[in-house]
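> Mind looking at a prediction? Sequence and model below.
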Amino acid sequence: MYAVSREGLWQLLRPVLGTRLLAQSGVTDTLGARMDAFVPARESLASLEKALEEALFSALYTVRMRPALDDGRTCRISTDSLGMLADDCLFYLFAAMERSHRSFLLLQGYAMEEGSRSAQAALFLLYADEMTPEEREVLRRVLSARYDPAPDWLKNY
């Protein structure tokens, strides 16, 4: 059982989904509870990501995929972008995991097999001591190319 940061999820999702939708839908609690219950022996990270994507879709479906942002504008969220948003949410699960070699191997496998940018970010930020300087430099270059500009959750963690 994990303690995924609901505040972190809120801060990640607010610029994309808006305060109103987050407050009305309870999606941060839904996502957090789903990640809190993750058990690697029973479920893959890929299937968890898919479940998070479906929860995001359900929340957005109520507003026809056009949430009202805090500045009053509405924006269209494509279903294609939900997978990336779900992957970004996973960072908070990775941050809540016990720092162990087993967790490192889980994240490393997911980053390599699925190309998860949140797993790559977690490896870089949380597991530097598990990598050689050369591996860390390669990962730094990959992350620099994938994030332009870097999201707040990466800059501030």
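Okay, I see it.
> Would you mind measuring from the closest residue to residue 65 other than its chain neighbours to residue 59?
Excluding the flanking residues, the one nearest residue 65 by Cβ to Cβ, 6 or more residues apart in numbering is residue 77, at 5.1 Å. The C-beta positions use only the backbone N, C-alpha and C, and glycine is treated the same way. Separation of residue 77 from residue 59 (Cβ to Cβ, to the nearest Å): 10 Å.
> same thing with residue 80?
Residue 80 is 17 Å from residue 59, by Cβ to Cβ.
> Between the two, tell me which one has more neighbours.
residue 59 (21 against 7; other Cβ atoms under 10 Å).
> contacting residues around the more buried one?
17, 21, 25, 27, 30 (Cβ atoms under 8 Å, 6 or more residues apart in numbering).
> let's go with 10 Å and repeat that
Applying Cβ atoms under 10 Å, 6 or more residues apart in numbering to residue 59 gives the contacts 13, 17, 21, 22, 24, 25, 26, 27, 28, 30, 31, 67.
> With residue 84 instead?
49, 53, 116, 117, 118.
> farthest-separated two in those?
53 and 117 (14.6 Å; Cβ to Cβ).
> from memory residue 57 sits against residue 63, does it?
No - Residue 57 is beyond contact range of residue 63, at 11.5 Å (criterion: Cβ atoms under 10 Å).
> Common neighbours of the two, please.
residue 77.
> Neighbour count: the two, which is higher?
residue 63 (17 against 14).
> That one - that's part of a strand, no?
No - Residue 63 is assigned coil when assessed by DSSP: H, G, I helix; E, B strand; the rest coil, not a strand.
> Relative to residue 73, how far out is it?
Counting by Cβ to Cβ, the gap from residue 63 to residue 73 is 13 Å.
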